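Undergrad: give me a model of this one.
(chains A, B, C and D)
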Number of protein chains: 2
Amino acid sequence: MTFVNTYATIGYVEKLAVLPERERGVCCPPRLKVGPEKIEQTSEILRALADPTRLQIALCLRDAKAPVCICDFTASFDLSQPTVSHHMAKLRDAGVVEVTKRGIWSFYRLAPGLPSTTRRILDAIG
Amino acid sequence: MTFVNTYATIGYVEKLAVLPERERGVCCPPRLKVGPEKIEQTSEILRALADPTRLQIALCLRDAKAPVCICDFTASFDLSQPTVSHHMAKLRDAGVVEVTKRGIWSFYRLAPGLPSTTRRILDAIG
DNA sequence: CCGACGCATAGACGCGCGTCGATGGGACGC
DNA sequence: GCGTCCCATCGACGCGCGTCTATGCGTCGG
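TA: Take a look at the predicted model:
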């Protein structure tokens, strides 16, 4: 079992965690280290995955050994066909998923060149 | 550089990726392996992190060595103080963050007993 | 005790999201 | 060629989210 204790190793010590000393009327703005464009990209990915249906789809495709026909998802989700198609479009627009059409069917898989951050987020689940 | 190739190891082979054979009018519903409650919990976490402001806050707290006063975030984000407070409440309700009040100030940190999935998602970013 | 400070809550507003039914259009079987 | 199947798009609707201003509450300094 993994247990992450953020600041201390023992319980009561954690309670006494050093709260920084403060002065009224003085704040310390400069603490953003990650870069706004990276934040924007990442939150877009997270928004794409934040819907239960889309998350389920993304995880299925992560674990699938071959591309999956969207009709199988339509049959699984107790949602209308346009709604499932809409969710797929969202995943497509976010670059999470790619479509291959053959005959009547549309087969989906995770995008081959998935950004490493996106891949790590997906692998962090389940 | 890490490059993830989903189904094959060589480019053109991937193009020929085996699309499953299909029959008209027949779909294969049973492909949900993850469990609805886990999906619901995880998508709730993702929704909490999907906003750029909240993501920035969460990453700051992940990297911080001591709890951070919310007034610093208010000073950083070019947002009104109630809006920042609102975002913090969202992170609190999602269990991502914990507050310690001392005097005038509210200090925030990542929740000590963070679920391992949440912790892994945070670590997957940046 | 009173004013200033830090923070949370309440209420309002606009926009985007998730969902649906209806429609269109391409591909296949007969 | 026509009907059927599969899928995407459109338009509409209700709800929730992000943001704001206004307000309330607790804490400290003078």
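
Undergrad: counting neighbours, what do you get for the residue nearest to A:Lys33 when sequence neighbours are not counted?
TA: What sits nearest to A:Lys33 in space, not counting adjacent residues and going by CB to CB, 6 or more residues apart in numbering or on different chains, is B:Asp63, at 6.6 Å. Yep, even glycine has a C-beta here, placed from its N, CA and C like the rest. Residues lying near B:Asp63 (other CB atoms under 10 Å in any protein chain shown) number 13.

Undergrad: where in chain A is pLDDT low?
TA: A:1-17 (pLDDT under 70).

Undergrad: if we go to 80?
TA: A:1-17, A:29-31 (pLDDT under 80).

Undergrad: need the residues of it near DNA strand C, please.
TA: Taking CB under 7 Å from any atom of the strand as the criterion, chain A approaches DNA strand C at residues A:24-27, A:47, A:50-51, A:53-54, A:79-83, A:86-87, A:90, A:102-104.

Undergrad: strands of chain A, start to end?
TA: Using DSSP state E, the strands of chain A run over residues A:68-69, A:97-102, A:105-110.

Undergrad: and A:Val18, which of those strands is closest to it?
TA: For A:Val18, the closest of the strands of chain A is strand A:105-110, at 43.5 Å, according to CB to CB.

Undergrad: picking up where we left off before, so for A:Arg120, which of the strands of chain A sits nearest?
TA: The nearest among the strands of chain A, by CB to CB, is strand A:105-110 at 13.0 Å.

Undergrad: pairing partners for the closest one, with directions?
TA: Using DSSP bridges, strand A:105-110 pairs in its sheet with strand A:68-69 (antiparallel), strand A:97-102 (antiparallel).

Undergrad: could you dump the strands of chain A to TSV with mean neighbour count?
TA: Shown next, in TSV, are these (neighbours: other CB atoms under 10 Å in any protein chain shown):
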stretch	mean neighbour count
strand A:68-69	20
strand A:97-102	15
strand A:105-110	20
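
Undergrad: would TSV of those strands with distance to A:Val34 be doable?
TA: Shown next, in TSV, are the strands of chain A (distance: least, CB to CB, whole Å):
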stretch	distance to A:Val34
strand A:68-69	34
strand A:97-102	26
strand A:105-110	25
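
Undergrad: got JSON lines for those, with distance to DNA strand D too?
TA: Shown next, in JSON lines, are the strands of chain A (distance: least, CB to the nearest atom of the strand, whole Å):
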{"stretch": "strand A:68-69", "distance to DNA strand D": "5"}
{"stretch": "strand A:97-102", "distance to DNA strand D": "6"}
{"stretch": "strand A:105-110", "distance to DNA strand D": "4"}
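
Undergrad: any figure for the gap between the closest residue to A:Glu40 other than its chain neighbours and B:Leu114?
TA: Spatially, and ignoring its direct neighbours in sequence, A:Glu40 is nearest to B:Pro52 (5.9 Å; CB to CB, 6+ apart). Using CB to CB, to the nearest Å, B:Pro52 is found at 21 Å from B:Leu114.

Undergrad: the more surrounded of the two?
TA: A count of neighbours by other CB under 10 Å puts B:Leu114 above the other of B:Pro52 and B:Leu114, at 22 against 19.

Undergrad: correct me, but that one touches B:Val96?
TA: Yes - in terms of CB atoms under 8 Å, B:Leu114 counts as a neighbour of B:Val96; the distance is 7.2 Å.

Undergrad: okay, the closest residue to A:Ile121 other than its chain neighbours and DNA strand C: tell me how far apart.
TA: For A:Ile121, ignoring the flanking residues on the chain, the nearest one in space by CB to CB, 6+ apart is B:Ala124 at 4.7 Å. Note on B:Ala124: its distance to DNA strand C, by CB to the nearest atom of the strand, to the nearest Å, is 21 Å.

Undergrad: how close does B:Ala124 sit to B:Arg92?
TA: In terms of CB to CB, B:Ala124 sits 22 Å off from B:Arg92.

Undergrad: noted, bye for now.
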